[in-house]
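Novice: Make a model of this:
(3 chains)
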Amino acid sequence: MSTQPVNYLETSELVLNMGPQHPSTHGVLRLVLKLDGERVKAVECIIGYLHRGVEKIGENRTYTQFAPYVDRMDYVSAVANGLGYCLAVEKLIGVEAPARAQMVRVALAELNRISSHLLWLGTHALDIGAMTALFYCMREREEVLKIFENYCGARLTTHAFRIGGLQYDLHDTFEAEARAFCDMFEKRIDEYEQLLTKNPIWVERLRGVGVLTAEECKSFAVSGPMIRAAGVNWDLRRAQPYSGYEQFEFDVPVMHGADSYDRYLVRVEEMRQSVRIIRQTLGRIPGGAILAKVPKVLKPPAGEVYVSTEAPKGELGYYIVSDGSQHPYRLRVRPPSFMNLASLEKMAVGALVADVVAIIGTIDIVLGEVDR
Amino acid sequence: MATDPWEDELASQLRSSFTDVSLKLESFHGQPFATLEPGGYVKAVEFLKAQGFDYLVDLTAVDHPKDPVRFEIVAILYSFAANRRVRVHTRVGDGEAAPTLTGLYAAANWLEREIWDMFGVAFAGHPNLKRILMPEDWQGHPLRKERSIVAMDQEWVRANLDIESGQ
Amino acid sequence: MEMAANSMLNTLKRWLLLDLLDGLWVTFKMQGTGNIATEQYPSDRPKVAERYRGAPRLNINPENNETLCIGCDLCAKACPENLIVVGTVRNKETRRLDLTTFTYDLSRCMFCGLCEDACPVDALELTQDFEMASYTREGLIWDRQMLEEGPRPTQYTR
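Specialist: Numbering: from 1, shown residues only, chains lettered A, B, ... in the order given. The predicted structure follows:
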């Protein structure tokens, strides 16, 4: 008796295009996935849909004029972007912001870290399927944005800092608002953790997904919460303190699982630490000038500096080359999201398609910064 | 640029290891950088990586159209152990290919693609050298100094909006 | 023993729908009128912050109805987008610059506030007005009269 050959379904490789208008890609990221069934064999990221040529614009603006544009890169953490840029130019012209300005900068930058992490947590949870967290996070983020609006008149693209210090002095109710926010927010973090941390679906979807070991993190130049979740105790606020961060007590959360779940834990703990830093600034903000003596027409001496700060997403660096004129000769931004996203092509290999959504979420990208 | 000489242990190690290529060690605002010919560039980065500089912070280029050798490639390296950054500079001419760092750092892949996209500096040995930010059918390289931002804008506006200028 | 007691407790919890009631309680707590976040725009207009950076205004001196602008062109120079054009003529008698035209292209404005920072006499100011929509691109290019009078959005009532 002869056996008939069994006809299996054809199992050729499937190329799946995901994005750029896919809700889980957080903007306009396009992924080309090569699939073997439900498994991802290879990923290619196609980016640039939001490219506005920020570096080219920088070469065509004066140092002061360029400051509003940096807000538009990582638009959910505009304050952190502005802080990095101001510090870089200040280093180039050899000016340091007054003590009052530095403390205010820290307070606002930490509030901004909270708002950025909140947006991440809400949308990440939404991607995974936990919808409640989004509403909670947006509710608290609103409070932060209100503080920003009261301080500088804008909620998102704040343009809060100026080269040499601040343009606006603190509004009278700032300390009360910030204190009320801290008191309220600490309980709210517990609420998020109650929703998510031990939620079996949450744990199941994130544990062991998107593993990137410490060695791989270093090779891909991944920074921020992602590298700290891989066991590297490295936070620029601690390693190379700027803007007076050395005065504050805070812990750098480090986890060793190197997966999406640990990145979630690191970011949640970072929010707690940010609250701790904000509390330390309150009542301690010194008086005095808010703007150092900076010439109206800025002409930094010829030279080049690289200055980086710990933005919510990771190491945000500015490499500025000056030729002694009013305009930067070359202005390079080292975007943390861009570098972190590059590691997706490694992390997603071998994962399921549904995990790719979780992995994109865990990187915490903002396409405005990836594409610049 | 008024630079200071870069003098410390690492500098002397570099100097003694690279006797056969031209090597300039400078520092500006306390930030040290080494300038080498393209031949020594990868070797210097490799040497620094062995010294603990295992994190490629950034890789970028600067266009100097008036200089005889036009493009300056800048690699910024970081060492976790020493908690410091070092820059390695090299120069390549227009149309020449720069040596790639993809063999040393995975991060160099996208960064070198970006340099190719923005400046048109090719990297010899790069596994996937194609545009990353600009559309594939875009002509030219936007961050070169001869690309004027106003001219680019007017070109687009004329082609797409039927008006003379958007500015 | 402990395990058995635990599972008993869990079963009881499930039968008495305690988790469900817990969730419903959260919903119920949010029923108060103080928790309403929805704004009935446009009949209720939101109150924006005092420092809000909205529509630009060219201030006039209330005493003599003359413009405060001295035509120094600093705002136009400070603007990153180059969207301000100041037209002046030299007054032969007072030897000062008199403002003739002032155009402000709102369609390219990003409300960064650099122009009001640059103004030495507080003539140009970003106000709390936020309703600047227009049906045409040209409608977003404001002239001196528009800048002095400010936008006049339609008022709605409940």
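
Novice: pLDDT value on residue B:167, please?
Specialist: At residue B:167, the pLDDT value in this model is 58.

Novice: Please read the previous query as pertaining to residue B:157.
Specialist: Value for residue B:157, per-residue pLDDT: 82.

Novice: Next: residue A:209.
Specialist: 88.

Novice: Pull the number of nearby residues for it.
Specialist: Neighbour count for residue A:209, taken as other CB atoms under 10 Å in any protein chain shown: 20. The way it works is simple: take the backbone N, C-alpha and C, and place the C-beta from them, glycine included.

Novice: Ok, residue B:36 next?
Specialist: 22.

Novice: isn't it right up against residue B:88?
Specialist: Yes. Residue B:36 lies in contact with residue B:88 (CB atoms under 8 Å); the separation is 6.8 Å.

Novice: For the two, list the residues in contact with both.
Specialist: Residues touching both residue B:36 and residue B:88 (CB atoms under 8 Å, 6 or more residues apart in numbering or on different chains): residue B:44.

Novice: what about the longest strand in chain C?
Specialist: strand C:97-105 (DSSP state E).

Novice: Can you list the buried residues in that one?
Specialist: Neighbour-count burial for strand C:97-105, counted by 16 or more other CB atoms under 10 Å in any protein chain shown, picks out C:97, C:99, C:102-105.

Novice: repeat for stretch B:94-104
Specialist: B:97-102, B:104.

Novice: again with stretch C:82-95
Specialist: For stretch C:82-95, the neighbour count (16+ other CB under 10 Å) marks C:83-84, C:86, C:88 as buried.

Novice: Run a quick neighbour tally on residue C:146.
Specialist: Residue C:146 has 20 neighbours, counted by other CB under 10 Å.

Novice: now swap in residue A:55 and tell me
Specialist: Residue A:55 - counted by other CB under 10 Å - has 20 other residues nearby.

Novice: Just give the closest residue to residue A:46, not the sequence neighbours.
Specialist: The shortest distance from residue A:46 to any non-neighbouring residue, by CB to CB, 6 or more residues apart in numbering or on different chains, is to residue A:30 (4.2 Å).

Novice: Ignore what I typed, I meant residue A:75.
Specialist: residue A:368 (5.2 Å).

Novice: again, but for residue B:125
Specialist: Distances taken as CB to CB, 6+ apart place residue B:100 nearest to residue B:125, at 4.4 Å, with adjacent residues excluded.

Novice: same thing with residue C:112?
Specialist: residue A:68 (3.5 Å).

Novice: one step back: could you dump the buried residues of stretch B:94-104 into a markdown table with distance to residue A:209 and pLDDT added?
Specialist: Below are these laid out as a markdown table (distance: CB to CB, whole Å; pLDDT from 0 to 100):
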| residue | distance to residue A:209 | pLDDT |
| --- | --- | --- |
| B:97 | 39 | 86 |
| B:98 | 37 | 87 |
| B:99 | 36 | 88 |
| B:100 | 31 | 89 |
| B:101 | 30 | 88 |
| B:102 | 27 | 88 |
| B:104 | 28 | 88 |
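
Novice: In strands, which of the residues you listed appear?
Specialist: Those of these lying in strands (DSSP E): B:97-99.

Novice: Out of the residues you listed, flag the one nearest to residue C:35.
Specialist: residue B:98 (60.1 Å; CB to CB).

Novice: For chain C, which residues score under the pLDDT cut-off?
Specialist: For chain C, the stretches with pLDDT under 70 are C:1-2, C:158.

Novice: Nearest to chain B: which residue in it?
Specialist: Closest approach of chain C to chain B (CB to the nearest CB) occurs at residue C:82, with a separation of 6.9 Å.

Novice: any idea where the strands of chain A begin and end?
Specialist: A:14-18, A:30-36, A:39-46, A:161-162, A:165-166, A:303-311, A:314-322, A:328-334.

Novice: Now those in a markdown table, please, with extra columns for mean neighbour count.
Specialist: Below are those laid out as a markdown table (neighbours: other CB atoms under 10 Å in any protein chain shown):
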| stretch | mean neighbour count |
| --- | --- |
| strand A:14-18 | 13 |
| strand A:30-36 | 17 |
| strand A:39-46 | 17 |
| strand A:161-162 | 26 |
| strand A:165-166 | 23 |
| strand A:303-311 | 24 |
| strand A:314-322 | 25 |
| strand A:328-334 | 24 |
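
Novice: Looking at the buried residues of stretch B:94-104, which is nearest residue A:103?
Specialist: Residue A:103 lies nearest to residue B:101 out of these, by CB to CB, at 40.0 Å.

Novice: Would you check that the closest one makes contact with residue B:59?
Specialist: Yes. Residue B:101 lies in contact with residue B:59 (CB under 8 Å); the separation is 6.7 Å.

Novice: shared neighbours, those two?
Specialist: By CB under 8 Å, 6+ apart, the residues touching both residue B:101 and residue B:59 are B:75, B:108, B:112.

Novice: Give me the number of neighbouring residues for residue A:122.
Specialist: 23.

Novice: I should have written residue B:24 there, sorry.
Specialist: Residues near residue B:24, counting by other CB under 10 Å, number 12.

Novice: So it, which state does it fall into?
Specialist: What DSSP: H, G, I helix; E, B strand; the rest coil gives for residue B:24 is strand.

Novice: Okay, it and chain C: tell me how far apart.
Specialist: Per CB to the nearest CB, to the nearest Å, residue B:24 is found 37 Å from chain C.
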